[in-house]
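[1] Pasting a predicted model and its sequence here:
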Amino acid sequence: MHAGELNKRVTIYRITGTDDGYGGTTKSKTTLKTIWAKLVYKGGDVDTQAGQRMQTTSVELIVRELAVTDVLFTDTLSIGDDSTEYNINSILETELDKHVTIKATKAE
């Protein structure tokens, strides 16, 4: 893969919970890293959940292997300047070309 194909800026966030002092937790979002990726939309689906219609969008991101060394499945990401968050579903490493495929679904 050529470097020019990695043309989408992706920001990866880690959500952490801290004790609020009243028996609950406060969630905060911390930027883990910003990387470049090739974006492929894999489709979407409309489903009814709990009486509401929900739309899901699945994407696949191809990134350099070293860019995701400390990324976890519990992390979220956003693509470009869009504030839409995606949950990471899988991270598939390939030995052949030193690239990693991240599969993610739009967070509801």
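    On my side now, so go ahead.
[2] Show me where the chain has its strands.
    Remark: strands assigned in the chain by DSSP state E are 8-19, 25-49, 52-64, 76-79, 86-93, 99-106.
[3] okay if I get the ones you listed as CSV plus distance to residue 70, mean neighbour count and mean pLDDT?
    Using the backbone N, CA and C atoms, a C-beta is placed for each residue, glycine as well. CSV is the format used below for those (distance: least, Cβ to Cβ, whole Å; neighbours: other Cβ atoms under 10 Å; pLDDT from 0 to 100):
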stretch, distance to residue 70, mean neighbour count, mean pLDDT
strand 8-19, 9, 15, 90
strand 25-49, 7, 12, 86
strand 52-64, 13, 16, 86
strand 76-79, 14, 19, 92
strand 86-93, 11, 15, 90
strand 99-106, 12, 18, 91
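[4] what's the neighbour count on the residue lying closest to residue 26 once chain neighbours are set aside?
    In space, and not counting its chain neighbours, residue 26 is closest to residue 20: 4.7 Å by Cβ to Cβ, 6 or more residues apart in numbering. Using other Cβ atoms under 10 Å, residue 20 is surrounded by 10 other residues.
[5] how near is residue 20 to residue 106?
    29 Å (Cβ to Cβ, to the nearest Å).
[6] between the strands of the chain, which gets nearest to residue 2?
    strand 25-49 (9.6 Å; Cβ to Cβ).
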